[in-house]
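> return a 3D structure for these sequence lines:
(one chain, ligands or ions: 2)
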Amino acid sequence: MLRIIMLGPPGAGKGTQAKRMAQKFGIPHISTGDMLRAAVREGTPLGLKAQEYMNAGGLVPDDVIIGLVRERLAQKDCEKGFLLDGFPRTVAQAEAVDEAGIAIDHVIELAVPDDDVVVRLTGRRICPNCGALYHVTLSPPKQAGVCDKCGTALITRDDDKEETVRNRLRVYHQSTAPLVAFYEAKGLLRRVDATGSVDDVFKGILDITGEA
Ligand code: ADP
Ligand code: AMP
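Ligands and ions are numbered 1, 2, ... in the order given. Prediction:
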């Protein structure tokens, strides 16, 4: 049983690492951002509500997100553990985890400076079909603009424009960074220098989880 929260600014590499961890640990990768983007694509009431916040780089209201995560964690595949990526993002969301009686094993903070975040996010490309993540220079696909795994044309996320990225960073420092102290006080925070290569960061995570 491994219940992990991935913390860190947008672009720190939470999704990249969580995909690897989910595979290695055999637990589901729960990305609230991915869930919201799916809702936007499908045009559900949740998607329609979330879209304006996401495009502006702001946060979707706590009650909406908390309800979404609560439903997801109640599903059978979460019985053996899970990896939360992008949640909690506010103190109210973290308190909701406690109130639900969910015991977290590790909060892994991926630490990267803001300047690196801007480079990583403005160059990020994603596969709209299988969700694979790339970067135009830092981890490019074999053929420019095409997913290595499924051959689909890669896209740029609407909120990865530099102006929106800067707003997301402001929101991170204001609303999410306080969670570092919140989890430090509970003895759950494990900080990893996330400026290294994807492999090095992954090694740092395995050292923490003891799953190497
Ligand atoms: P997050 O989920 O924290 O927003 P992502 O995992 O989507 O971040 O990573 C953001 C971008 O940075 C992606 O383009 C990804 O390919 C790239 N990236 C992730 N980890 C690293 C790393 N250790 N070194 C260089 N680039 C990275
Ligand atoms: P991400 O894919 O984690 O970068 O999330 C993309 C966007 O989805 C964020 O900028 C928010 O608008 C929204 N979002 C994702 N997770 C949350 C959350 N836990 N609370 C509020 N908004 C969220």
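> ramachandran angles for the residue located most distally from the centre of the chain?
Most distant from the centre of the chain: residue 143, at 25.8 Å, with distances by CA atoms, centre = their mean. Torsion angles at residue 143 (phi, psi; degrees, to the nearest 10) stand at phi -110, psi 130.
> same question for the one 10 residues further on.
According to degrees, to the nearest 10, the main-chain angles of residue 153 amount to phi -70, psi 130.
> count the neighbours of it for me.
11 (other CB atoms under 10 Å). C-beta: built from backbone N, CA, C; applies to glycine.
> and residue 130, what does it touch?
Contact analysis of residue 130 by CB atoms under 8 Å, 6 or more residues apart in numbering lists 147, 149-150, 152.
> does the residue nearest to residue 53 when sequence neighbours are not counted belong to a helix, a strand or coil?
Residue nearest to residue 53 in three dimensions, not counting chain neighbours: residue 60, with 4.8 Å by CB to CB, 6 or more residues apart in numbering. Of the three states, residue 60 takes coil under DSSP: H, G, I helix; E, B strand; the rest coil.
> mind checking pLDDT for the closest residue to ligand 2 within the chain?
As assessed by CB to the nearest ligand atom, ligand 2 sits closest to residue 33 within the chain, at 1.9 Å. Predicted confidence (pLDDT) for residue 33: 96.
> and it, that's in a strand?
No - secondary structure of residue 33, determined by three-state DSSP: helix, with no strand assignment.
> ok, and what's touching stretch 153-164?
37, 54-57, 118, 121-122, 124-128, 134, 141, 145-147, 165, 168.
> flag every residue of this structure that's near ligand 1.
8, 10-16, 120, 123-124, 133-135, 138-139, 197-198, 201 (CB under 6 Å from any ligand atom).
> please repeat the previous calculation with a cut-off of 5 Å.
Neighbours of ligand 1 within the chain, by CB under 5 Å from any ligand atom: 10-16, 120, 124, 133, 135, 138-139, 198, 201.
> buried only: go through those for me.
10-16, 120, 124, 133, 135, 198, 201 (16 or more other CB atoms under 10 Å).
> report the entries of these that also contact ligand 2.
Checking those against ligand 2 (CB under 5 Å from any ligand atom), the matches are residue 10.
> this completes my enquiry, with thanks.
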